[in-house]
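>>> Structure, please.
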Amino acid sequence: MAQDQAMDSEQRPAEVLEETGHRPFPLPDRAWTMTQNWNDLLFAHWPIAPATMAALIPPGLDIDTFDGYAWVGVVPFWMDGVRHRIPGSTDQSVAIPMVETFPELNLRTYVRSRLTGRAGVFFFSLDAASLLAVIGARTIFHLPYFYANMVRETAADGTVRYKSRRLLTSAGASFQATYRGLGRAADALPSQPGTLEHFLTERYCLFTNSRGRILVGNIHHKPWPLEAAEAEIRTNRIALAHGLMLPNRPPVLHFSRRLQVYIWSLEPDGSV
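Numbering: from 1, shown residues only. As a prediction, the model looks like this:
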């Protein structure tokens, strides 16, 4: 009963997984592994010279560009509803103890597979406030997660105060910002193909490098409901910790309040 009540608070898998017309390639022909919700998400992006970015990504991937630039994103948000599909079930899932809700902050760029041509996300880092989530993601998804001391507060007017400081490393990766969406949830709209916001957000797989081998992880969600955003970024040392100098210009900002996401286990690039 408790499990059904938890599922009722979100859209059931069929409601999300049957809406696929916006995807650039089909859903995987196997069952999803995890589901989670991404909340109060800020996309902050800067243009970078493609040659600079290309030197930082592994062989097997090419930089994806828009208007002649590579793009780097710093993306703070918090997640909840982290659940694992019950083996043998098509839509039933269980909560993952102690990692159901936590803040996350990622540093990313956009790439294409040399084998399939599919466009996706490449993460330089993902900071999370849950040590168990960090260990699990590093082990299962081979992603560069880091444990961080993080504070996230959302005020009654929707303003998010966000602070992160990476632990267990001397890299000095820290971030502090206040941000908010400038619209109403009911007015948030999907982006249009060919626009910068579509290029930066509508990505349905991630790539990671494990022992010299490129792996791909598929994800699915409805189109991003985006709003314009404003942000005061007071500290931003995430990119520099990974060898990226951000240009001295304001970032391109977008905001999304909530999105339910389904995630598949990794497989070798080119196997789909």
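
>>> how about stretch 43-61: buried residues?
Across stretch 43-61, burial judged by 16 or more other C-beta atoms under 10 Å covers 43-48, 50, 53, 56-57, 60-61. Glycine gets a C-beta too; all of them are placed from N, C-alpha and C.

>>> Let me see the mean pLDDT of it.
In this model, stretch 43-61 carries a mean pLDDT of 97.

>>> Check stretch 202-209 too.
Per-residue scores along stretch 202-209 average to 98.

>>> Assumed Pro47 was part of a strand.
Yes: the assignment for Pro47 (DSSP: H, G, I helix; E, B strand; the rest coil) places it in a strand.

>>> Am I right that it is in contact with Ile63?
No: Pro47 is beyond contact range of Ile63, at 11.9 Å (criterion: C-beta atoms under 8 Å).

>>> What does the residue lying closest to Val261 once chain neighbours are set aside show for phi and psi?
Once flanking residues are discounted, Val261 sits nearest to His221: 4.6 Å by C-beta to C-beta, 6 or more residues apart in numbering. Backbone geometry at His221, expressed as degrees, to the nearest 10, gives phi -160, psi 170.

>>> residues in contact with His221?
16, 259-262 (C-beta atoms under 8 Å, 6 or more residues apart in numbering).

>>> Need the pLDDT of it.
On the pLDDT scale, His221 gets 97.

>>> Next: Leu240.
For Leu240, pLDDT reads 94.

>>> Run a quick neighbour tally on it.
Leu240: 13 surrounding residues under other C-beta atoms under 10 Å.

>>> if I look at it, how far off is Val72?
11 Å (C-beta to C-beta, to the nearest Å).

>>> overlap in contacts of those two?
Leu246.

>>> pull the CA atoms of the helix or strand harbouring Leu259 into PDB?
Using DSSP states H and E, Leu259 falls within strand 252-263. C-alpha atoms of strand 252-263 as PDB (Å, rounded to 0.1, in the frame of the first residue of the first chain):
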ATOM      1  CA  VAL A 252      23.000  31.700 -20.300                       C
ATOM      2  CA  LEU A 253      20.300  30.800 -17.800                       C
ATOM      3  CA  HIS A 254      17.300  28.500 -17.800                       C
ATOM      4  CA  PHE A 255      15.200  27.100 -14.900                       C
ATOM      5  CA  SER A 256      13.000  24.100 -14.500                       C
ATOM      6  CA  ARG A 257      10.900  23.300 -11.400                       C
ATOM      7  CA  ARG A 258      10.400  19.600 -11.500                       C
ATOM      8  CA  LEU A 259      10.900  16.700 -13.900                       C
ATOM      9  CA  GLN A 260      10.500  12.900 -13.500                       C
ATOM     10  CA  VAL A 261      13.300  10.900 -15.100                       C
ATOM     11  CA  TYR A 262      13.800   7.200 -15.900                       C
ATOM     12  CA  ILE A 263      17.300   5.800 -16.200                       C
END
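
>>> so where's the stretch 1-150 of the chain uncertain?
1-11 (pLDDT under 70).

>>> residue ranges of the strands in it, please?
34-48, 61-63, 70-85, 93-95, 102-113, 119-128, 145-154 (DSSP state E, counting those that start in this stretch).

>>> Put together JSON lines for those strands, with distance to Arg166 on each row.
Listed next are these as JSON lines, based on distance: least, C-beta to C-beta, whole Å:
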{"stretch": "strand 34-48", "distance to Arg166": "18"}
{"stretch": "strand 61-63", "distance to Arg166": "25"}
{"stretch": "strand 70-85", "distance to Arg166": "13"}
{"stretch": "strand 93-95", "distance to Arg166": "27"}
{"stretch": "strand 102-113", "distance to Arg166": "9"}
{"stretch": "strand 119-128", "distance to Arg166": "6"}
{"stretch": "strand 145-154", "distance to Arg166": "5"}
